Structure formats: structure tokens, C-alpha cells
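**Q** model this:
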Amino acid sequence: MRTRLHRTRDWPRLVHLPDVSLYVDVVGQGEPIVLMHGGPSADLWTMGAFRKLADQFTVVLYDHRCNGRSTGPPAPSMTWDNLTADAEALRRHLGFDRWAVLGHSFGGHVALEYALRYPDRLTRLVLVDTGADARWSRENALRVLAERGYSQAKIELVRRWFSGEFEAREYLPIFWRISGAYMPNHGFRGMVRELAEGGWRSRIRPEPFLFAGRSLLPGWSVVDRLGEITAPTLVIAGREDFIFPPDCQRELVDGIPGAQLALIDEAGHNPQDEMPAEVMAVLRPFLAGTVIGTPLN
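**A** From the prediction side, this is the model:
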């Protein structure tokens, strides 16, 4: 497999592509896997739990355009065409013929779009707490929270959150008020784990989140195209995720030919931080080419 990787100490750094410079980190050795972070507004440092894969694989992490420490055009350039073209340009720059793709949350949306646009470049696809339709975060999440007994005031905050109906200065105050819903069983412990894995280095940028809520995600869906995905696919999610609950995960598995499902007990939206051992127990064999056996559904 061709690569033009530099020495470990050369990373992380900016990789200059045609109209954007992506902040990239590369760790480990072996078959490559690229990690697509969530948000948008987060960055590669929020994917720290997956760095454990570096003992078996070459792990590529990067900030989407307009996110984290990546530089270039403003948030309106964050289209599906550009987001997926950035990943493909990064693959070519690093010299990989093909790679596995793992996307978490919004990064899972990007991963799905990438799989549909560049099917010959994927060895495997991993979707972590994501969905193929924007209705899950914009509509169904509100229903799930209501069923779980959350107050109407908090549900209204979540509605505003996912629709982008707030100002940039409100990003952190709103997030902290609704953060408990993300990791209902491991809120404090999960956040501590994420910080310990490198999350303390994160550079949060509200602008891409606002753009996505107002312009990119309304009406977005690839549900009717899931059958076109040809890469072996593993779907992982916390059983208690309020944004992409089990019904959403089964929609993915039913739509993607041969997809496998692993629902992680006692986990919400970030099972890699809440129940890391359980996530790795299904992720490692799948990436190594082993069928994980009976789906944990």
C-alpha cells in the first residue's frame, strides 16, 4: 500500500489541500482507518477514545473544514460535496489506495455521503451513533426526551439546539444545560474520559453547528440510497442515545446490505467514552475482517 506518511513527530499538522487546510493527526501503523468527528463544531480531539486502535491500525484523524483548527473558507462552504471531497483529497495526499471509514454522529453523515460518492475507496464502514435522515435529531429526539420525562423547557432548548435557533454566544450555555441527555448514565465519568483522551485540547467553533442546523441538515436524507453502499458495515450505538435511538440504528442496518448492529447497553450518544471496552470488543474484530457474530441488538 502506497503512503507518504511522515515521521510520528510531524503530526498533528495542517495538510494543505486545494481550497482548505485540514488539521490532521496520524498515529499507529497497519491498515488505515480515518475518523470523522461529530458536531459539527467539535474536532479530532473529541475522537480520542479511538486512538487505542493505533496498536493495530494507522489511525487518521482530522478536523472537518470550518471546524477545529482547520483553516480556509467560512461555514457556508461546508457542503456535502466539499466535506466528502476533502476526505478524498486527504486520502490521496496520504497515499492510501483505500481505507476504513469511521464516522461519529455528524461525522457519520459525512461517512455515509463519502461511502456513496467514493465506494471504491472504502475497505470498511463504521457508523457510530448516527443516522441517515435529519429527522432523527430535529424531530424524533424531542419525542424521545418527552417520553423520558424531560421538562418542556429542556425539550425546547434541544429543539433550538438542533435547528440552530440561537446565537454563537449561547452555544456553551445551551450545551451545558442539555449535556446530561447525551450520556445519561455516565455524564461526568464520560466527560472525564473524553478529556483524558485529549478532549481538553478541543477548539470548539459554534459557527459550523449553526450553519448545519439552519442550512445543511434541513431536509437531508440518504435513506433511499442506503442499498447502494457496498462496503462491509458495522453500526454501533448506545442503546439510550436520545438523538439516534435503536429504531434509527435498525433503519441503517435494514437499509445497508449485510450491515451488522451492535447496541451498547448503559450508553447514550458517546459509547466510546461511556463504555469503551464494549465498543472496542466489537470494533476491533470487525476492522480486522472478522464477522462479529450475533448482533448485539
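
**Q** ok, now how distant is the residue nearest to Val26 when sequence neighbours are not counted from Gly28?
**A** Sequence neighbours aside, Trp11 is the residue nearest to Val26 in space, at 4.8 Å (criterion: C-beta to C-beta, 6 or more residues apart in numbering). Bear in mind the C-beta positions are built from the backbone N, C-alpha and C, glycine included. Going from Trp11 to Gly28 by C-beta to C-beta, to the nearest Å gives 11 Å.

**Q** related to what we said a few turns ago, pretty sure the residue nearest to Val26 sits against Leu44.
**A** No. Contact criterion C-beta atoms under 8 Å: Trp11 and Leu44 do not qualify, at 10.6 Å.

**Q** Compare neighbour counts for these two and give me the winner.
**A** Counted by other C-beta atoms under 10 Å, Trp11 and Leu44 do not tie: Leu44 has more neighbours, with 29 against 15.

**Q** Looking at the residue nearest the centre of the chain now. What's its pLDDT?
**A** Centroid-nearest residue in the chain, with C-alpha atoms, centre = their mean: His104, separated by 1.8 Å. Looking at His104, its pLDDT stands at 98.

**Q** Please apply the same query to the one 5 residues further on.
**A** The predicted structure scores His109 at 98 on the pLDDT scale.

**Q** likewise Gly190?
**A** pLDDT recorded at Gly190 is 60.

**Q** re the thing from before, contact partners for the residue nearest to Val26?
**A** Counting by C-beta atoms under 8 Å, 6 or more residues apart in numbering, Trp11 makes contact with Val24, Asp25, Val26, Val27.

**Q** Out of these, give me the one that has the most neighbours.
**A** Val26 leads the contacts of Trp11 on contacts (other C-beta under 10 Å) with 23 neighbours.

**Q** Could you list everything that residue pairs with in the sheet?
**A** Val60 (DSSP bridges).

**Q** re the thing from before, now, among the contacts of Trp11, which is nearest to Gly72?
**A** Checking the contacts of Trp11 against Gly72 with C-beta to C-beta, the nearest one is Val24 at 13.4 Å.

**Q** Could you look up the SS state of the closest one?
**A** strand (DSSP: H, G, I helix; E, B strand; the rest coil).

**Q** quick one: low-confidence parts of the stretch 1-150 of the chain?
**A** Counting by pLDDT under 70, the ranges of the stretch 1-150 of the chain that qualify are 1-9.

**Q** which stretches of it form helices?
**A** With DSSP state H, counting those that start in this stretch applied, the stretch 1-150 of the chain shows helices at 80-94, 106-117, 135, 141-147, listed in chain order.

**Q** which of those helices sits most buried?
**A** helix 106-117 (a mean of 24; mean count of other C-beta atoms under 10 Å).

**Q** what angle do that one and helix 80-94 make?
**A** Angle, helix 106-117 to helix 80-94, by axes from the mean of the first three to the mean of the last three C-alpha atoms, to 10 degrees: 80 degrees.

**Q** Output the contacting helices and strands for helix 106-117.
**A** Helix 106-117 sits against strand 31-36, helix 80-94, strand 99-104, strand 122-128, with contacts defined as 3 or more C-beta pairs under 8 Å, 6 or more residues apart in numbering; DSSP states H and E.

**Q** Spit out the contact partners of the residue nearest to the centre of the chain.
**A** By C-beta under 8 Å, 6+ apart, the neighbours of His104 are Leu35, Met36, His37, Gly38, Met47, Val128, Asp129, Thr130, Asn270, Gln272.

**Q** from those residues, which is closest to Ala85?
**A** Set against Ala85, the nearest of the contacts of His104 by C-beta to C-beta is Met36 (13.5 Å).

**Q** Verify the stated contact: that closest one with Gly108.
**A** Yes. Judged on C-beta under 8 Å, Met36 makes contact with Gly108 at a distance of 7.3 Å.

**Q** element containing Leu234?
**A** strand 233-238 (DSSP states H and E).

**Q** Tell me the buried residues in whichever helix or strand comes after that strand?
**A** Per DSSP H and E, strand 233-238 leads on to helix 246-255 as the next helix or strand towards the C-terminus. Within helix 246-255, the residues scored as buried using 16 or more other C-beta atoms under 10 Å are Cys248, Gln249, Arg250, Glu251, Leu252, Val253, Gly255.
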